[in-house]
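> would you be able to build a 3D model of this:
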Amino acid sequence: MRYLIISNNGGMLVIYRGALLRELLKNASVTACVPHGGEEELKKLGCDIVYADVDRRGINPISDLKLFGQYKKIIKEVNPDAVITYSIKPNIYGGYACRKLGIPYYLHVQGLGSAFYRKGLKTVVSTMYRAAAKKAKAVFFENDGNRDLFVNKKIIKKDQAVVFSGAGVDLDAFSLTPMPEGDGVKFAFVSRIMKEKGVDELFYAAKKLKSEFGDRFELSIAGIFEDSYEQVVNELHEKGIINYLGFVNDVVSLYRSCDAVVLPSYHEGMSNVLLEGAAIGRVLVTTDVYGCREAVVSEESGLICPVRDGEALYSAMKRVCLMSKDERETMGKRGREHVEKNFDRKEVVRKTVEVIK
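This is a model prediction of the structure:
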């Protein structure tokens with residue numbers, strides 16, 4: 001059996017799908033189709049590598065047509081028994097190439113992406129997904145809301161849809177850890193710094209909390225910022241309102257150093273950040289959207305607030321600041337129990353293999 005896995009990021013493929021790749025490699029050969037960069041870990045796992053240039057965020061018909069051509073050529077050369085694609089461009093162009101070539105394939109919708117929230121693009125992307133998914137053996141989703149949208153808009157048939165608990169979380173790597181010592185309350189935000197991750201609301205809340213709690217409040221931000229946020233991030237860091245860390249490889253240590261994880265996102269597939277934070281035993285503060293709310297047992301393992309509401313986010317984070325350490329510890333333990341029960345990566349891998357074998 002030969003599998004071809006198509007992704008727009010080799011490094012992320014290893015981090016979140018490495019367990020699946022290892023399982024497949026026990027009884028099959030696996031070729032990973034990724035852009036240049038981050039492929040060394042894939043090679044260490046035992047994957048063969050082929051390359052395709054993917055502009056992850058750009059919308060250029062000419063370059064996208066070239067991408068379709070690359071995928072079609074690669075699929076012919078590899079001649080896999082089955083193909084699994086991850087993220088929007090591999091799903092659409094890789095999926096359509098598989099359909100045209102008559103190769104069995106599975107699409108994995110990790111989230112709807114920005115295009116589904118732009119009026120001009122939503123119809124176009126829906127049409128392209130419909131064409132790409134028509135002959136898919138299954139379309140994997142990370143939450144019920146995304147699945148329902150695809151089914152209700154007749155992008156896919158109901159019997160094609162399979163919902164998993166995101167990529168799941170490695171419960172051993174992200175082990176339950178006691179809250180940090182000290183009287184202050186430390187929050188961590190781990191994500192790309194962009195509007196749709198709720199950073200405008202987060203910065204609003206951070207300014208108010210810093211003025212009220214002073215050194216007892218700390219917000220560490222880890223991630224790469226979009227150019228439009230460079231100035232504001234640098235200014236907030238210089239003023240001591242946030243602690244900007246840049247890109248962080250060791251997120252486990254960051255989670256362990258904080259009391260709570262905050263992610264006020266506008267939309268997610270399934271937030272790995274929230275699942276990882278909960279696994280380590282941290283209070284979660286997030287928004288009431290698919291892909292975020294599932295990670296939280298509301299009022300028991302964390303707090304959920306309305307999306308795009310800076311005042312509500314401030315109030316939720318303030319509640320965490322006013323909790324006793326024991327209260328935060330209890331919430332964290334409840335979060336750990338929740339992910340153990342519902343988001344074990346081993347179970348996600350087992351179910352995935354069961355579908356594609």
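> where do the strands sit along the stretch 101-250 of the chain?
Under the criterion DSSP state E, counting those that start in this stretch, the stretch 101-250 of the chain contains strands at 105-109, 138-141, 161-163, 185-190, 217-222, 243-246.
> now those as TSV including mean neighbour count and mean pLDDT?
C-beta: built from backbone N, CA, C; applies to glycine. Formatted as TSV, these follow (neighbours: other C-beta atoms under 10 Å; pLDDT from 0 to 100):
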stretch	mean neighbour count	mean pLDDT
strand 105-109	26	97
strand 138-141	24	97
strand 161-163	18	97
strand 185-190	24	98
strand 217-222	22	98
strand 243-246	14	97
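> quick one, which of the ones you listed is nearest to N27?
Among these, strand 105-109 comes nearest to N27, with 17.2 Å by C-beta to C-beta.
> direction included, what does the closest one pair up with?
Strand 105-109 has these partner strands in its sheet, going by DSSP bridges: strand 82-86 (parallel), strand 138-141 (parallel).
> among those strands, which is nearest L274?
Using C-beta to C-beta, the nearest of the strands paired with strand 105-109 to L274 is strand 138-141, at 17.2 Å.
> chain center to that closest one, what's the gap?
Taking C-alpha atoms, centre = their mean, to the nearest Å, the mean C-alpha location of strand 138-141 is offset from the chain mean by 16 Å.
> contact partners of that strand?
For strand 138-141, contacts defined as C-beta atoms under 8 Å, 6 or more residues apart in numbering pick out 106-109, 133, 147, 150, 156, 160-164, 269, 352, 355-356.
> can I get the strands paired with strand 105-109 in JSON lines including distance to A28?
Formatted as JSON lines, the strands paired with strand 105-109 follow (distance: least, C-beta to C-beta, whole Å):
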{"stretch": "strand 82-86", "distance to A28": "9"}
{"stretch": "strand 138-141", "distance to A28": "18"}
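> wait, which of the ones you listed is closest to V233?
Of all the strands paired with strand 105-109, strand 82-86 comes closest under C-beta to C-beta, at 28.8 Å.
> report the next helix or strand after that closest one in sequence order.
helix 88-89 (DSSP states H and E).
> low pLDDT regions in the stretch 1-150 of the chain?
56-60, 115 (pLDDT under 70).
> quick check: closest non-adjacent residue to L275.
V169 (4.3 Å; C-beta to C-beta, 6 or more residues apart in numbering).
> for that neighbour, grab the count of nearby residues.
27 (other C-beta atoms under 10 Å).
> and the gap between it and V109?
Distance of V169 to V109, computed by C-beta to C-beta, to the nearest Å: 19 Å.
> cool, A133 as well?
9 Å.
> overlap in contacts of the two?
With C-beta under 8 Å, 6+ apart as the test, A133 and V109 both reach N91, V139, F150.
> could the residues you listed go into TSV alongside distance to D215?
Compiled in TSV, those are given as follows (distance: C-beta to C-beta, whole Å):
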residue	distance to D215
N91	46
V139	49
F150	47
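> tell me the one of these nearest K100?
N91 (14.7 Å).
> surely the closest one meets A97?
No - at 11.0 Å, N91 does not count as touching A97 under the criterion of C-beta atoms under 8 Å.
> follow-up on the earlier one: now, among the shared contacts of A133 and V109, which is nearest to G246?
Nearest to G246 among these, with distances taken as C-beta to C-beta, is N91, at 30.1 Å.
> V252 and G332, how far apart?
Taking C-beta to C-beta, one finds V252 at 15 Å from G332.
> do the same with A173
17 Å.
> so for these two, which sits in the more crowded spot?
G332 (27 against 11).
> which residues touch the more buried one?
With the criterion set at C-beta under 8 Å, 6+ apart, G332 makes contact with L176, M179, A278, I280, G281, R282, V283, S301.
> could you tell me which of those residues belong to helices?
Judged by DSSP state H, the subset of the contacts of G332 located in helices is A278, I280.
> dump the contacts of G332 into a markdown table; add distance to R328, pLDDT and neighbour count as well.
Supplementary listing: these in a markdown table, determined by distance: C-beta to C-beta, whole Å; pLDDT from 0 to 100; neighbours: other C-beta atoms under 10 Å:
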| residue | distance to R328 | pLDDT | neighbour count |
| --- | --- | --- | --- |
| L176 | 14 | 98 | 17 |
| M179 | 6 | 97 | 20 |
| A278 | 13 | 98 | 32 |
| I280 | 13 | 98 | 25 |
| G281 | 9 | 98 | 27 |
| R282 | 8 | 98 | 31 |
| V283 | 5 | 98 | 31 |
| S301 | 11 | 98 | 25 |
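> between N91 and A97, which contacts overlap?
Counting by C-beta under 8 Å, 6+ apart, nothing touches both N91 and A97.
> and of the contacts of G332, the nearest to I6?
For the contacts of G332, the nearest to I6 is A278 (30.0 Å; C-beta to C-beta).
> which residues touch the closest one?
V169, V261, L284, A295, V296, S301, G302, G332, G335, R336, H338, V339.
> of these, closest to M128?
A295 (29.5 Å).
> give me the phi and psi for the nearest residue to G269 once chain neighbours are set aside.
Of all residues beyond its chain neighbours, the one nearest G269 is G111 (3.1 Å), with distances taken as C-beta to C-beta, 6+ apart. When read as degrees, to the nearest 10, the backbone of G111 gives phi 170, psi 160.
> and the gap between G111 and E142?
The value you get for G111 to E142, if C-beta to C-beta is used, is 7 Å.
> which neighbours do those two share?
G269, M270, G291.
> count the neighbours of the last one for me.
Using other C-beta under 10 Å, G291 is surrounded by 24 other residues.
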